[in-house]
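Asker: All I have is the shape, not the residue letters:
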């Protein structure tokens, strides 16, 4: 399943890159065509108002200008898909679709909890008024993952004249720990569930746990009313699975049943 998830992620990135390249090619072709048309007009040649060629000349220039405008639009589209592809490649967030989500989130939680312990231990040492800075550094480096350089940095006053780890860092990290624990508990509950299918007439509804999707398999292309209903309720056509689908939820399952009965 992990390979399947990574394959789908890479396919999505590849689609964005392909769309970006296609839009860029169309932009170049339109721009070159528009500029080529404009170059046919002698430099400085005005539109001859009242002449029999006036309307033809205006139409010719308008078509050339429209091509250049459309080229700019395609260039913006190319930039959009390039950004989408880059964002997908650089995304390090743990997706619920990832079969390794529980393991990855547990590792992230462990790291956050370790950081919390380190910050609290360091602040406890820094608050000891009887110790000199040199003695505090000696105590700080005894804490796992705190080097002498880090210890000196912790003891260096910030712009507000404060030393140590500020309280907001501990508060924010603690809030992240709480959120990760809640999400981890949810993911563990989901991991015990199994994929199920039901049929309503000729339509198959699949509560796909592995892919974290509610999927609808129609025997053919649904009519426009059904498609509009699906789109307006967050379902999207997935060529990879040949199904209409959206993220799992009880609400999504109820919507799927309603669509199947239409």
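Answerer: Yep, it's here. Because the structure is a prediction, the values reported are computed rather than measured. Numbers count the residues shown, from 1 in each chain.

Asker: all helices for the stretch 1-150 of the chain, in order.
Answerer: Shown for the stretch 1-150 of the chain, the helices assigned by DSSP state H, counting those that start in this stretch span residues 2-39, 54-90, 101-126, 133-140, 148-154.

Asker: and residue 156, which of the three is it?
Answerer: Each residue gets one of three states, and residue 156 gets coil by DSSP: H, G, I helix; E, B strand; the rest coil.

Asker: Just tell me which of the helices of the stretch 1-150 of the chain ends up closest to residue 223.
Answerer: Across the helices of the stretch 1-150 of the chain, the minimum distance to residue 223, taken as CB to CB, is reached by helix 2-39, at 27.0 Å. Where C-beta positions appear, they are placed from N, C-alpha and C, glycine not excepted.

Asker: Packing partners of the closest one?
Answerer: helix 54-90 (3 or more CB pairs under 8 Å, 6 or more residues apart in numbering; DSSP states H and E).

Asker: and the helix it packs on, what does it pack onto?
Answerer: When contacts are defined as 3+ CB pairs under 8 Å, 6+ apart, helix 54-90 packs onto helix 2-39.

Asker: May I see the buried residues of the helix it packs on?
Answerer: Buried positions in helix 2-39, judged by neighbour count with 16 or more other CB atoms under 10 Å: 5, 9, 13, 15-17, 19-20, 23-24, 26-27, 30-31, 33-34, 37.

Asker: before we move on, back to that, between the helices of the stretch 1-150 of the chain, which one is closest to residue 216.
Answerer: Distances from residue 216 to each of the helices of the stretch 1-150 of the chain were compared using CB to CB; the minimum, 18.4 Å, belongs to helix 2-39.

Asker: relative orientation of the closest one and helix 54-90 in degrees?
Answerer: An angle of 160 degrees separates the directions of helix 2-39 and helix 54-90 when computed by axes from the mean of the first three to the mean of the last three CA atoms, to 10 degrees.

Asker: Let me know the average pLDDT across helix 2-39.
Answerer: Taken as a whole, helix 2-39 carries a mean pLDDT of 87.

Asker: starting at the chain centroid, how far to that helix?
Answerer: 19 Å (CA atoms, centre = their mean, to the nearest Å).

Asker: distance between the ends of stretch 134-146?
Answerer: With CA to CA, to the nearest Å as the measure, the ends of stretch 134-146 fall 15 Å from one another.

Asker: before we move on, what about stretch 138-146?
Answerer: End-to-end distance for stretch 138-146, by CA to CA: 11 Å.

Asker: Stretch 159-171 now?
Answerer: Taking CA to CA as the measure, stretch 159-171 stretches 20 Å from start to finish.

Asker: how about it: buried residues?
Answerer: Going through stretch 159-171 with 16+ other CB under 10 Å, the ones that come out buried are 163-165.

Asker: can you put these in a markdown table and add pLDDT, distance to residue 262 and secondary structure?
Answerer: Shown next, in a markdown table, are these (pLDDT from 0 to 100; distance: CB to CB, whole Å; DSSP: H, G, I helix; E, B strand; the rest coil):
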| residue | pLDDT | distance to residue 262 | secondary structure |
| --- | --- | --- | --- |
| 163 | 89 | 66 | coil |
| 164 | 89 | 62 | coil |
| 165 | 90 | 57 | coil |
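
Asker: nearest to residue 128, of those?
Answerer: Closest to residue 128 out of the buried residues of stretch 159-171 is residue 164 (11.2 Å), distances taken as CB to CB.

Asker: which residues touch the residue nearest the centre of the chain?
Answerer: The C-alpha lying nearest the average C-alpha coordinate of the chain belongs to residue 88 (CA atoms, centre = their mean; 5.8 Å). By CB atoms under 8 Å, 6 or more residues apart in numbering, the contact set of residue 88 is 9, 12-13, 16.
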